[in-house]
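> Okay, sequence plus prediction incoming.
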Amino acid sequence: MTAPRILTYADVIDHLEEFMVGQGHEASQPAIRSAIYSAYIDLANIYDWPFLHQSGRVYLYAAESTGTVVYDHTAGANERQLTLTGATWPSWAADANVQFDGLVCDIESRVSSTVVTLHARMNPGQDVASSSFTVYQRWARLPCDFKNLDGPLGESTSYFGKHVSLSELLQLDRASFSTGELRYYYVGEVPDLYGQKAIFFWPYSTANQTIDFAYTRRPRELRYSGHDANDFAGTIAVTASSATVTGTSTAFPTADGAGSILRIASSTTRPTGPFGKTPYVEERAINAVASAASLTLDAAVVTTRSGVSYQITDPIDIQPEARNAFLRMCERNLAITRGLPNLERFELAARMATIDAMAGANPIHQDYVAGDPGPYGAPRGIHSDIALTGF
């Protein structure tokens, strides 16, 4: 079976270098990479692309209330220390809330099995003697690539509550501290963790359960350009029918290399993309990186090779139908930053390529009549002319 051709970060850099030569100009690597990054964001935001929709799941834990707590605002071993007697704090307490002495407080950290600290903004403000309590989840972290929520679902229902504002949710939590079926939710930032989203809900859960949801994700981050020294340092050896890659003087990315693309050359010359002077002979996604000199691929290679060059780069996380639009947007951005003449033609090329991409984005073509009911009786949307919100 023929493998799909992957557009990579390295391919786009090569393309833009040739593009600038064709315009009789040059551009630095920072300028090229900035144009790519901006186009990557623009393309994701300009349209509701089907390939950016996927499913997710968060786990909710049953609230706990065994034992009693004492709060020491300033004089304890830790500032804002809450000590539990008669039980232990659950492992998930660091991302939890605790209600005691009539107040709802945020837990900042789990110091030990019996000690947590409270957040500087959400605490009683003074010492509290022995008190009953409830530790519970007010929110759960969403996936790191989360962008927009399509809709959450409970374990046994196709409907999950009503979306409300954060202020409304806080009022419910403070004035109507309660248990039961999840009825309201809000999506916002994780407290004190920049860039991470969470789903907040009310009332709190009395049982371990899951929430499944569909969401729009952000495209995969671009880290490895294929043009930096560590992306092709040393040589590699691979064996037919094996997914193991062994490096010599290599610097494989041990922290976040999984999902990047490894391209294998047939010689000691660094491989290029399919349209370069020395195209790669095999390419596979990286499954895991064991060390700077050892990694495994997502599938076995076909041919045994030793002492050959390679390239590590990231895939451009867009579907094939949108690739031309992405390249035209990269060209437009670079033309703007480098002050190329006749910018209107680059703008028009990007616009027309994006319209074509939108027209071919949906893998299922089916006509609907206005008012035709979708699943569970929900009316389907009526197809309308495409609007380019990002231009």
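On my side now, so go ahead.
> what's the closest non-adjacent residue to residue 304?
With CB to CB, 6 or more residues apart in numbering as the criterion, residue 304 has its nearest non-adjacent residue at 4.6 Å, and that residue is residue 240. Every C-beta, even on glycine, is put in place using the N, C-alpha and C of the backbone.
> Wait, a strand at the one you found?
No: counting by DSSP: H, G, I helix; E, B strand; the rest coil, one finds residue 240 to be coil, located in no strand.
> That one against residue 303, yeah?
Yes: with contacts counted by CB atoms under 8 Å, residue 240 reaches residue 303, the gap being 5.7 Å.
> what's the residue nearest to residue 304 in contact with, if anything?
300, 301, 302, 303, 304 (CB atoms under 8 Å, 6 or more residues apart in numbering).
> Looking at those, spot the one nearest residue 124.
Closest to residue 124 out of the contacts of residue 240 is residue 300 (60.0 Å), distances taken as CB to CB.
> where does that closest one land on pLDDT?
As predicted, residue 300 sits at a pLDDT of 96.
> before we move on, the earlier item: can you pull the phi and psi angles for the residue nearest to residue 304?
phi -50, psi 140 (degrees, to the nearest 10).
> Give me the pLDDT for it.
97.
> hmm, back to that, and which of the contacts of residue 240 is nearest to residue 34?
Closest to residue 34, out of all of those and judged by CB to CB, is residue 301, at 34.7 Å.
> and the closest one, how many neighbours?
Residue 301 is flanked by 21 other residues according to other CB atoms under 10 Å.
> So it versus residue 292, what's the distance?
20 Å (CB to CB, to the nearest Å).
> Skipping adjacent residues, who's closest to the residue positioned nearest the centre of the chain in space?
The chain has residue 145 as the residue nearest its centroid, 1.5 Å off, counting by CA atoms, centre = their mean. Leaving aside its chain neighbours, residue 145 sits nearest to residue 217 (4.2 Å; criterion: CB to CB, 6+ apart).
> Quick check: phi and psi on residue 31?
Torsion angles, degrees, to the nearest 10, at residue 31: phi -70, psi -40.
> Ramachandran angles for the residue nearest to it when sequence neighbours are not counted?
Spatial nearest neighbour of residue 31, chain neighbours left out: residue 337 (5.7 Å); criterion: CB to CB, 6+ apart. Note on residue 337: backbone dihedrals following degrees, to the nearest 10 are phi -70, psi -30.
> Residue 266 too?
phi -100, psi 0.
> quick one: it and residue 281 touch, right?
Yes: the pair residue 266 and residue 281 passes the contact test of CB under 8 Å, sitting 4.8 Å apart.
> shared neighbours, these two?
residue 305.
> State the mean pLDDT of stretch 78-90.
95.
> Report the buried residues of it.
78, 80, 81, 82, 83, 84, 87, 89, 90 (16 or more other CB atoms under 10 Å).
> Let me see the contact set for residue 161.
Listed by CB under 8 Å, 6+ apart, the contact set of residue 161 reads 152, 182, 183, 184, 185, 201.
> Looking at the residues you listed, which is nearest residue 125?
Distances from residue 125 to those, taken by CB to CB, are shortest for residue 201, at 26.3 Å.
> and that closest one, how many neighbours?
A count of nearby residues for residue 201, using other CB under 10 Å, gives 25.
> That one touches residue 163, doesn't it?
No: using CB under 8 Å, residue 201 makes no contact with residue 163, being 10.5 Å away.
> Can you check which residues contact both of those two?
Shared contacts of residue 201 and residue 163, counting by CB under 8 Å, 6+ apart, come down to 184, 185, 186.
> pLDDT score assigned to residue 226?
For residue 226, pLDDT reads 96.
> Please apply the same query to the one 5 residues further on.
Residue-level confidence at residue 231 comes out at 97, pLDDT.
> list the contacts for it?
10, 224, 225, 311, 312, 313 are the contacts of residue 231 under CB under 8 Å, 6+ apart.
> ok, 7 Å please
224, 225, 311, 312, 313 (CB atoms under 7 Å, 6 or more residues apart in numbering).
> got the residue ranges for the helices in this structure?
9-22, 29-46, 166-175, 323-337, 343-359 (DSSP state H).
> beta partners for the residue nearest to residue 145?
Going by DSSP bridges, residue 217 is paired in beta bridges with residue 146.
> Number of residues surrounding it?
18.
> Kindly report the same for residue 147.
15.
> any weak-confidence spans in the protein?
Low-confidence segments of the chain (pLDDT under 70): 1-4, 151-160, 363-391.
> Could you break it into its assigned domains?
9-50+222-313, 52-60+139-217, 68-136 (automatic domain parsing).
> do you know which of those domains lies nearest residue 322?
Each of those was scored for nearness to residue 322 using CB to CB, and the closest is domain 9-50+222-313 (6.4 Å).
> if we can go back for a sec, hang on, isn't the residue nearest to the centre of the chain packed against residue 218?
Yes: between residue 145 and residue 218 there is a contact under CB atoms under 7 Å: 4.9 Å.
> so what's the residue of the chain most remote from its centre closest to, chain neighbours aside?
Distance to the chain centre peaks in the chain at residue 129, reaching 43.3 Å (criterion: CA atoms, centre = their mean). What sits nearest to residue 129 in space, not counting adjacent residues and going by CB to CB, 6+ apart, is residue 70, at 6.5 Å.
> quick one, what contacts that neighbour?
83, 128, 129, 130.
> Could you find which two of those residues are furthest from each other?
By the measure CB to CB, 83 and 129 form the most distant pair in the contacts of residue 70, at 11.6 Å.
> got the contact list for residue 172?
Residue 172 sits in contact with 184, 202, where contact means CB under 7 Å, 6+ apart.
> now residue 36
12, 330.
> now, which of the contacts of residue 161 sits nearest residue 232?
Lowest distance from residue 232 to these (CB to CB) belongs to residue 152, with 43.9 Å.
> residue contacts, residue 233?
249, 250, 251.
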